[in-house]
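S.K.: using only what follows, build the 3D model:
(2 chains, ligands or ions: 3)
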Amino acid sequence: MRILQFAGLGLFLIAFFTFIGSLFMGDYQMTEAVAKEVISDENHQALLLPELAPMIDKTYGNQFAFASDFQSTFERVNQAFKEQQQWDKVIYTDYTFSIVKASSIGYVADHGGRLFFLIFILGPIGALLYILPQLQLLGPAGIKNHHVFHDNEKNRGIIGIAIGTFLILFYIFLYWFEEYITNWTLIVDPLSMAMNGGAASQWFLYGFMYTIAIIVMGIRMLIKYRHNNYQMIRTGSVMFFQTAFAFTIPQVLAAMSLPAPDMKNMWPLDYSFFFDYRLNEMVEAGTIGFFMLGWGIALFAIGVPLFTYLYGKRWYCSWVCGCGGLAETLGDPFRQQSSKKLSAWKIERYLIHGVLVFAVLMTSAVLYTFFTEESQLFNIGSVYVSSFDVRGWYGFAIGAAFAGVVGTGFYPLMGNRVWCRFGCPLAAYLGLVQRFKSRFRITTNGGQCISCGNCSTYCEMGIDVRWYAQRGQNIVRSSCVGCGICSAVCPRGVLKLENGENNDASRMEAPAIILGNEGVTLNV
Amino acid sequence: MSHIVIIGNGVAGTTCARHIRKRSDADRITVVSGETDHFFSRTALMYIYMGHMKYEHTKPYEDWFWEKNRIELKRGWVKDIDTSGKKLTFDSGEAMSYDKLVLACGSKPNKFGWPGQDLDGVQGLYSYQDLELLEKNTHPPKSRNNRVKRAVLVGGGLIGVELAEMLFTRNIEVTFLVRESKFWGNVLPKEEGELVSRHMRKHHVDLRLEEELDEILPDEQGRVRAVKTKNGEEIECQFVGLTAGVSPNIGWLKETGIAQKRGILVNEFLETNIEDVYAIGDCTQFETPPAGVRPMNQVWYTGRIMGETLAQTLTGNRTAYRPGPWFNSAKFFDVEYQTYGDVLARMPEHVSQFYWEHPDGEKCIKIQFETATGKFLGINTFGIRLRHEVFDQWLKDGKDVQHIVKHLRQANFDPEFYRSHEHEIAEKWNKEFPNMTVSVKKRFLVF
Ligand SMILES: Cc1cc2nc3c(=O)[nH]c(=O)nc-3n(C[C@H](O)[C@H](O)[C@H](O)COP(=O)(O)OP(=O)(O)OC[C@H]3O[C@@H](n4cnc5c(N)ncnc54)[C@H](O)[C@@H]3O)c2cc1C
Ligand code: SF4
Ligand code: SF4
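M.R.: Ligands and ions are numbered 1, 2, ... in the order given. Predicted coordinates:
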């Protein structure tokens, strides 16, 4: 069994390093044909091609030099137009990613299939070979958090920091330097072609890897909690929603040239839902587009209050959501790193509600512009601020930096729900409903708590569950995503997630009689 | 304003201090302990060793809590108490005076004078210091050099099972010597004892029932080398855990004039024989136990309730200890155990019982009731969680056993989507007690 695990780990590492290495394989050469194919606009061709002439057929050893040459040429052309005030000639289309990708020559371009097999088939197989033997190695089913705090990667050791660093870099490239990771998209091109008929963008690559991560690490969850039906069903649910709704269905829609949203995602997490290009796209798609628009609005306007009232925010956060899905699978080994300090809770409340307010204001500005076609909002001194600026800031600071770089990159350092806890505007909205109008609560089982601290330690949202449990009080917190892990790890059967009567008093109060001495009314 | 000094920062002492502060702003409160600076959860010691948590996770309150609530903490061992001068002396020589004194000094592991019980590599498990010693006596987690290959545990109780589970996470084989013919025989009836034994064997514990320790044998360096049992067998081992129960930690109080037998003697108001001296938690013994209360109470929740009760008395509302029906819970490796009311290992004449076990042998339920009246007395469950509030009410209302069997589902506390067994339980009940049948509907969905 151990040998199997070592082999698996070996395979996985080979796949991982091949993945990294593939970025540095092969050369880059732009032929005239490639340039013409990518820069398909004839006006742009006429303007750019003469300037690009020195680059044509020149071989570059890496994408960095190539992209830099291309970009500086491009800038020079535009700069000239700007100086001559020929605004109509300035080129706004960014060709860098496509041109770099199309110019890749050598191993990756020729042997994409081989690399695909090595990375995306052998990698997951290796991971599974590592994971599956745990069925036997962990011993009989049950909570086996042995050595979590002795483990390097799970306890902010050097491996944990390395994983975090890798994830942070990955997101930085994904969001802002996609032209350097074109080789990765080349490798998944055939799959993208097959699914949606187009070449792979960095987002296709990301969605594909995201889905693999949720499936592989979901299997790990299923094994770890095989004695716990709530965990099994919930994990199955996030695996399903990621594979079907987030990944597969959008590809099919794209293949049919329809708008291709992830239909389980919703505003304000899906912050671009009301952006002009998406509204236009839906409106133009006719009936199905209108359905998508209606569905998207109904999800947050009716779905959230209704389902959160009935089941708590868990119906979304730990059963459906993609961010939640990744946190609950890939992120599970790091859940114990979330801070339980009261001070962290204070920061959390300011941040997450601040982001919600920002999201609402930004969306209002965007809609204002959409309906009035007036984009100027206000001036700061002589600088004029448009709704496009505001949405740009939001996309950069919240959509990319917070949700991606910090939200996932900091898994090994701050726990697996950094984004969900501190940043997600949808979580803030769901949380408000859960806190004030919901049948959901975590019931504390009378006086059975022994204050051991397992529940608080393993709460990914940093809720100090024990604080409530040891005083016999039910847990009603806006941030609780209902993952049920506190209940699973409690060695005394103290906690139960349930939906009951919505009576705020009975939902939150401690039954004094069994918690304390008879005749003494507790005032906790 | 008076100065209330509490010796012991365990659950009893800490709860007492917190509740005094809740009710009184004026009193000065000092909590003394020689063990750790802050209150931590003793029940979580095992999880620190196994790496589920670190020491700081076991502290129920953040470190700023004490100053904010003006609870003074004093680290040190009290050596002597002068009850007439109302003064404590620490082993450092320091002194501290008090107006009211609360003894919440807990327990210590039993040692029955076995030859070799003080050798290197032989220890009990109670305090934080014991945990540090255990780290020293065994090897680091995932170490390549398994210094300790086999451990022998003496005495089958809860701490023994926990220690067995702990040692297994360091790849140490465990032999468990239990004097009785079944596991935890003074608490668990036969079937439950067998279920636990089976489960431990599934976890590869070498469980030896009806075997007693004779002596512990040293090597040349004075470390344990083996144990000898009463049957004359020698078991080679590098570690011995003494887990034959605990007793009140009162040896150091012998000369103080505070009355004691097995524990510090208290009345139902938790007052000792000396004015302004009180005792709570593990270290106490009731001279005349209040109705339904055991003379010695050495569990977490009784310490907590005693602390809470005494805080009332100390702040002017003299209150008797009335903890309500008994309950408790524990975990044996992967199997959880809960109990409500009184289930007796040795059942008296006038009591009957009902037992159901799941075919997988890891879930069971045991109900005891008065034969003549059918009055429900208590329930044990393994692998099934029950709702405390519901059973507390049923016990207080004096419900009969049929009511319990019929309404068991109402008390189920398992997580959602768990399979429930009330229907099977009722079917078995109806077969065994055909003149007391109940009807319970089957649930088709798992939820
Ligand atoms: C490993 C283990 C697991 C357990 N699991 C459970 C469980 O699952 N459920 C359950 O109900 N119970 C359990 N118990 C029992 C439970 O922990 C005790 O009943 C409870 O902690 C007793 O609390 P206390 O406040 O009375 O005393 P303690 O927690 O023992 O506190 C007494 C404190 O007083 C200090 N002290 C003593 N003498 C002096 C002195 N002279 N000067 C200064 N300080 C002094 C001690 O150092 C100690 O810190 C367990 C115990 C152990 C050891
Ligand atoms: S895990 Fe259970 S027993 Fe431990 S502190 Fe939390 S609720 Fe209490
Ligand atoms: S309180 Fe429990 S269910 Fe809620 S997020 Fe924390 S661990 Fe999950």
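S.K.: relative to residue B:341, how far out is the residue in chain A that ligand 1 sits nearest to?
M.R.: Residue nearest to ligand 1 within chain A: residue A:450 (4.9 Å; Cβ to the nearest ligand atom). The C-beta positions use only the backbone N, C-alpha and C, and glycine is treated the same way. Counting by Cβ to Cβ, to the nearest Å, the gap between residue A:450 and residue B:341 amounts to 19 Å.
S.K.: between these two, who's got more neighbours?
M.R.: residue A:450 (26 against 21; other Cβ atoms under 10 Å in any protein chain shown).
S.K.: which residues does the more buried one contact?
M.R.: By Cβ atoms under 8 Å, 6 or more residues apart in numbering or on different chains, the residues touching residue A:450 are A:491, A:492, B:41, B:43, B:44, B:300, B:301, B:329.
S.K.: any idea how the chain splits into domains?
M.R.: Looking at chain A here, since you left the chain open. Domain segmentation of chain A under automatic domain parsing yields A:27-105, A:159-178+A:193-435, A:439-522.
S.K.: that's the other chain; I wanted chain B
M.R.: Split by automatic domain parsing, chain B gives B:3-106+B:249-314, B:122-245, B:327-436.
S.K.: out of those domains, which gets nearest to ligand 2?
M.R.: For ligand 2, the closest of the domains of chain B is domain B:3-106+B:249-314, at 7.3 Å, according to Cβ to the nearest ligand atom.
S.K.: any part of the closest one near ligand 3?
M.R.: No: contact of domain B:3-106+B:249-314 with ligand 3 (Cβ under 6 Å from any ligand atom) is absent, the minimum separation being 13.9 Å.
S.K.: in chain B, which spans are helices?
M.R.: B:11-23, B:45-50, B:64-68, B:128-137, B:158-168, B:190-202, B:300-314, B:388-397, B:401-407, B:422-432 (DSSP state H).
S.K.: dump those to a markdown table, plus distance to residue A:52, mean pLDDT and mean neighbour count.
M.R.: Below are the helices of chain B laid out as a markdown table (distance: least, Cβ to Cβ, whole Å; pLDDT from 0 to 100; neighbours: other Cβ atoms under 10 Å in any protein chain shown):
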| stretch | distance to residue A:52 | mean pLDDT | mean neighbour count |
| --- | --- | --- | --- |
| helix B:11-23 | 75 | 97 | 24 |
| helix B:45-50 | 64 | 98 | 24 |
| helix B:64-68 | 64 | 97 | 13 |
| helix B:128-137 | 68 | 98 | 16 |
| helix B:158-168 | 68 | 97 | 23 |
| helix B:190-202 | 72 | 96 | 19 |
| helix B:300-314 | 76 | 96 | 26 |
| helix B:388-397 | 76 | 96 | 19 |
| helix B:401-407 | 82 | 97 | 20 |
| helix B:422-432 | 77 | 97 | 17 |
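S.K.: what's the closest of those to residue A:348?
M.R.: Minimum separation from residue A:348 across the helices of chain B (Cβ to Cβ) falls at helix B:64-68, 18.1 Å.
S.K.: what's next to the closest one, contact-wise?
M.R.: Residues contacting helix B:64-68 (Cβ under 8 Å, 6+ apart): B:31, B:38, B:72, B:73.
S.K.: and the closest residue to the third one other than its chain neighbours, bridged to which residues?
M.R.: Counting by Cβ to Cβ, 6 or more residues apart in numbering or on different chains, residue B:72 lies nearest to residue B:30, which is 4.4 Å off, once chain neighbours are set aside. Partner residues in beta bridges with residue B:30, using DSSP bridges, are residue B:5, residue B:72.
S.K.: tally of neighbours for residue B:30?
M.R.: Neighbours of residue B:30 (other Cβ under 10 Å): 17.
S.K.: retrieve the pLDDT associated with the most centrally placed residue in chain B.
M.R.: Central residue of chain B (Cα atoms, centre = their mean): residue B:299, 4.0 Å from the mean position. Here the pLDDT value assigned to residue B:299 is 97.
S.K.: quick revisit: reformat the helices of chain B as CSV; add distance to residue A:12.
M.R.: Shown next, in CSV, are those (distance: least, Cβ to Cβ, whole Å):
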stretch, distance to residue A:12
helix B:11-23, 46
helix B:45-50, 27
helix B:64-68, 44
helix B:128-137, 33
helix B:158-168, 28
helix B:190-202, 32
helix B:300-314, 44
helix B:388-397, 46
helix B:401-407, 52
helix B:422-432, 45
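S.K.: right, and the ones you listed - which one's nearest residue A:343?
M.R.: helix B:64-68 (9.3 Å).
S.K.: how far does the closest one sit from its chain's centre?
M.R.: Distance of helix B:64-68 from its chain centroid, counting by Cα atoms, centre = their mean, to the nearest Å, is 28 Å.
S.K.: with just CA atoms, put it into PDB.
M.R.: Only the C-alpha atoms of helix B:64-68 are listed here, as PDB (Å, rounded to 0.1, in the frame of the first residue of the first chain):
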ATOM      1  CA  TRP B  64      -6.900  38.400  26.800                       C
ATOM      2  CA  PHE B  65     -10.100  37.100  28.300                       C
ATOM      3  CA  TRP B  66      -8.800  37.000  31.900                       C
ATOM      4  CA  GLU B  67      -7.600  40.500  32.100                       C
ATOM      5  CA  LYS B  68     -10.700  41.800  30.400                       C
END
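S.K.: ok, residue A:102 touching residue A:34?
M.R.: Yes: the pair residue A:102 and residue A:34 qualifies as a contact (Cβ atoms under 8 Å) at a distance of 4.7 Å.
S.K.: higher neighbour count, these two?
M.R.: residue A:102 (21 against 18).
S.K.: please, which helix or strand holds the more buried one?
M.R.: helix A:96-103 (DSSP states H and E).
S.K.: which elements pack onto the very next helix or strand once past that helix?
M.R.: For helix A:96-103, the following helix or strand on the C-terminal side (DSSP H and E) is strand A:104-105. Judged by 3 or more Cβ pairs under 8 Å, 6 or more residues apart in numbering or on different chains; DSSP states H and E, strand A:104-105 is in contact with strand A:27-29, helix A:182-196.
S.K.: got JSON lines for these, with distance to residue A:235 and mean pLDDT too?
M.R.: Converted to JSON lines, the helices and strands packed on strand A:104-105 look like this (distance: least, Cβ to Cβ, whole Å; pLDDT from 0 to 100):
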{"stretch": "strand A:27-29", "distance to residue A:235": "42", "mean pLDDT": "94"}
{"stretch": "helix A:182-196", "distance to residue A:235": "25", "mean pLDDT": "96"}
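S.K.: switch those over to a markdown table; also include distance to residue A:119 and mean neighbour count.
M.R.: Compiled in a markdown table, these are given as follows (distance: least, Cβ to Cβ, whole Å; neighbours: other Cβ atoms under 10 Å in any protein chain shown):
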| stretch | distance to residue A:119 | mean neighbour count |
| --- | --- | --- |
| strand A:27-29 | 20 | 21 |
| helix A:182-196 | 7 | 20 |
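S.K.: enumerate every residue touching the one residue in the stretch 201-350 of chain B that gets nearest to ligand 1.
M.R.: The stretch 201-350 of chain B approaches ligand 1 most closely through residue B:281 (2.3 Å), counting by Cβ to the nearest ligand atom. By Cβ under 8 Å, 6+ apart, residue B:281 lies in contact with B:8, B:10, B:11, B:12, B:13, B:104, B:105, B:106, B:302, B:303, B:306, B:307.
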